[in-house]
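S.K.: predicted model, plus sequence, below.
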Amino acid sequence: LLLLAALAAGGVCAEPLDRKVVPPLTEERRVEEPATARLPGRLPLDVTTDYERPYVTLIIVLGAAGEAAQPLGFGGLAQLTADWIQEGAVVRDVGGKDQKLDTRAFTRALEDLAASFSVKAAGDAAYATLTTLRETLPQALALVSSAIRRPALEEADFERLKRQTLMGLKQEAASPDKAASAQAHLRAFGTHPYASPVTPASVGAITAADARAFHASSFGPTSISAVGAVDAEALKLLADANFLKGPGLALGDIAAAARRVGRLPPPNARAAEREGQIDLINLPGSEQSFVMVTQAALEREHPDYQILKVANMILGGVHESRLESIIREEKGWAYYARSAVSALRRGGLISLQSPVRADKTAEAAQVMLAQLERLRAGDVSAAELAAAQKRLLAGIDQIFEKNENIAAQRAGEAVLGLPADTVERARAEIAAVTVADVRRAAGLYLRPEACAVVIAGDKQVVLPQLKALLPERPVNVIEPLEAGKTPNAG
C-alpha cells in the first residue's frame, strides 16, 4: 500500500494502520491543567495542550482565502476552491517522487489515519480543520498540508462540485430562510466585498482556471490553532516541516495578501441600508414567511462591543428574550424568534429573524421593529440585565468543553488580531455591564427607522399586509430567481 508511504511531505511518512484495531495510547506526560502557548514566527501557533483529550484538533487559518478576497462578481469562488482542494493532493513518496492522490485515494488515506478534514470559507478568512488521534498527527498533517499547498485540482472534480453548488443554490432559492438571509446580507453590506452574493450567475461564470488562480494567490496558512494531546514545540516542528519547506506558495506572499484584505475599508452601511426599505422576495404558495430585520453593528475591537452583545441577549439572544416571549410564546406565530450580533474584521451586523405564519408576516415585522425601538428608548430592567449576563458568561464557559470550540475561538482571535487574554477580558467586560451602559449603547447604535427589512414569502398574501401596517416603508418586490439572473438589490 503506497498511500500512507506517500505522505512524506515535509519529510514525514508512516505505515498504514489496521482500522480494525484501536491504536494503543502511548505513555505521555500529563499536565494538571491545560496549558496554552502562543508561538510567534513566520507561521504563528496557538496551542492548548491537554493530554486528557486523546485526539488533536487543528484549525489552519487561510487568512487570504476568505470571501472578502474574492474578485468583484465572483461570489462563491472562495468556497468552491475550498471544496476543490479537499478532493485530492500531490504527495511525495518515500523516494522523493510526486504521487497524485485522487478523491478516493485521498479519502481512504484520511480514514486510515482516523482523521477528518474540512475547509470552510468565511467572510474574513478560510479555515481548514483537521481532527486526528495524537499518534497519527504527523501523517495526517502531512496529508492535509499537501491538500492545501498542492491539491490535485482535477477538472472533473471541479465540474462536479460546481454542478452540486448550482443545484444547492436552486434549492435555496425556494427556501424562505436561505433566500431572505442572502438578500439581507446583500442589504447590510452593499457593494463591499463582504456582500459578494453567491448566485447561479456568479457561480456559473466561475471556471477551473479562476479557481486555480485563486488557490495560487490565496491558499496558504497565516496561523494555526491547536487543542489536544500535542506539545507546542513538537507541533511547531511539524508545522515548519510541512508549511515552511518544499513547494507551494511562500508564507510571505500569503501574509501580504492577508494584510491587504485586512485593510479593506469598512462597509458604507447607511448607503447599503437604503433607509428602511422592505425587500419582499416572492415565493408563491409559501405557507410561511421568513422575516429578517438587519442593521450594521460594531467591529469586534470596539469598546462597546460586549455591551451591545448584552443588549442583544435581552432583545432576542435566548428563549426568555423579548422576541421569543412575544412572537413565539404570547402570539404563537412562529417556532422561534431570535436576534444575533456578529462581528467581522471590518464591520458587524445585528440581525433579527423569525419564520412566521404567512398571515402574520407584517405584524411580526412590526414587533421586531417595535422591540428595537423599545430597547433604544432605554427600557431595560436590572433583572433582564442579570439574566443576559448569566447566559453570556455560561456561553463562554461552554467554549472550553470541546476541542473544536477552543480551536475555533483561538483561530478567530488570530484573524481579528485579538490578544491572548480575549476570553478573560470578555468575561470581565460582560460582568461589568450596567443598566446605564445598555441604555447608552442601545441609544447610540440601534437605528430601527433605517433597518433593512427582508421578507421571503408569498407576495399575494404579504404585500397587502405591508401596505396596511407599514405604509411608511417602501417595498421592493423581488421575483423568484431565474436561471443565470441575480436578485434585484433595489
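M.R.: Yep, it's here.
S.K.: and the gap between Q409 and Q306?
M.R.: Computed with CB to CB, to the nearest Å, the distance linking Q409 and Q306 is 15 Å. Heads up, the C-betas are built off the backbone N, CA and C, glycines and all.
S.K.: between these two, which one's more packed in?
M.R.: Q306 (25 against 21; other CB atoms under 10 Å).
S.K.: how about the contacts made by that one?
M.R.: Residues counted as contacts of Q306 (CB atoms under 8 Å, 6 or more residues apart in numbering) are 426, 429-430, 433.
S.K.: that one: what secondary structure?
M.R.: Here Q306 is helix, with the state taken from DSSP: H, G, I helix; E, B strand; the rest coil.
S.K.: helices along the stretch 1-150 of the chain, start to end?
M.R.: Using DSSP state H, counting those that start in this stretch, the helices assigned to the stretch 1-150 of the chain run over residues 77-84, 103-112, 137-149.
S.K.: before we move on, what about the stretch 151-300 of the chain?
M.R.: Under DSSP H, counting those that start in this stretch, the stretch 151-300 of the chain gives helices at 155-173, 176-189, 200-205, 208-218, 232-243, 251-262, 269-273.
S.K.: of the contacts of Q306, which is the nearest to V94?
M.R.: Nearest to V94 among those, counting by CB to CB, is A426 at 47.7 Å.
S.K.: now do the one helix or strand the closest one maps to, average pLDDT.
M.R.: Secondary structure assignment for A426, by DSSP states H and E: helix 422-432. Mean pLDDT, helix 422-432: 95.
S.K.: is G457 in contact with G285, as I believe?
M.R.: No. Applying CB atoms under 8 Å as the test, G457 and G285 come out as separate, 10.0 Å apart.
S.K.: who's more crowded, these two?
M.R.: G457 (28 against 9).
S.K.: distance of that one from A358?
M.R.: 6 Å.
S.K.: tell me the centre residue of the chain?
M.R.: A122 (4.5 Å; CA atoms, centre = their mean).
S.K.: now the nearest residue to that one once chain neighbours are set aside. Its backbone dihedrals?
M.R.: Leaving aside its chain neighbours, A122 sits nearest to G66 (5.7 Å; criterion: CB to CB, 6 or more residues apart in numbering). Backbone torsions for G66, taken as degrees, to the nearest 10, come to phi -80, psi 180.
S.K.: near the closest residue in space to S145 that isn't next to it in sequence, how many other residues are there?
M.R.: Spatial nearest neighbour of S145, excluding adjacent residues (CB to CB, 6+ apart): N242 at 3.8 Å. For N242, the neighbour count with other CB under 10 Å is 26.
S.K.: related to what we said a few turns ago, so of the helices of the stretch 151-300 of the chain, which one's packed in deepest?
M.R.: When the helices of the stretch 151-300 of the chain are scored by mean count of other CB atoms under 10 Å, the highest mean neighbour count falls to helix 176-189 (a mean of 23).
S.K.: number of residues surrounding the residue lying closest to A179 once chain neighbours are set aside?
M.R.: Of all residues not flanking A179 in the chain, A456 sits nearest, at 4.3 Å (CB to CB, 6+ apart). Neighbour count for A456, taken as other CB under 10 Å: 31.
S.K.: helix, strand or coil for A456?
M.R.: Look at A456: counting by three-state DSSP, its state is strand.
S.K.: give the bridge partners for it, please.
M.R.: I281, F290 (DSSP bridges).
S.K.: what average pLDDT does stretch 446-457 get?
M.R.: On average, stretch 446-457 scores 94.
S.K.: start and end of it, how far apart?
M.R.: 26 Å (CA to CA, to the nearest Å).
S.K.: ok, of the helices of the stretch 151-300 of the chain, where does mean pLDDT dip lowest?
M.R.: helix 269-273 (a mean of 48).
S.K.: contact partners of the helix holding A426?
M.R.: 306-307, 309-310, 389, 392-393, 396, 399, 409, 413, 419.
S.K.: and the buried ones among those residues, selectable in PyMOL?
M.R.: Here is the PyMOL command that selects only those of the contacts of helix 422-432 that count as buried (16 or more other CB atoms under 10 Å):
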select buried, resi 306+307+309+310+389+392+409+413
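S.K.: of the contacts of helix 422-432, the lowest pLDDT goes to which?
M.R.: Confidence-wise, I399 trails the rest of those, at 86.
S.K.: what backbone torsions are found at it?
M.R.: Dihedral angles for I399 - degrees, to the nearest 10 - are phi -60, psi -40.
S.K.: my guess is it contacts G412. True?
M.R.: No. Under the criterion of CB under 8 Å, I399 makes no contact with G412, lying 10.6 Å away.
S.K.: per-residue pLDDT, A152?
M.R.: For A152, the predicted pLDDT is 96.
S.K.: returning to what we had before: of the contacts of Q306, which is the nearest to P54?
M.R.: A426 (29.2 Å).
S.K.: picking that back up, look up how far T207 lies from the residue nearest to the centre of the chain.
M.R.: Separation of A122 from T207 (CB to CB) stands at 23 Å.
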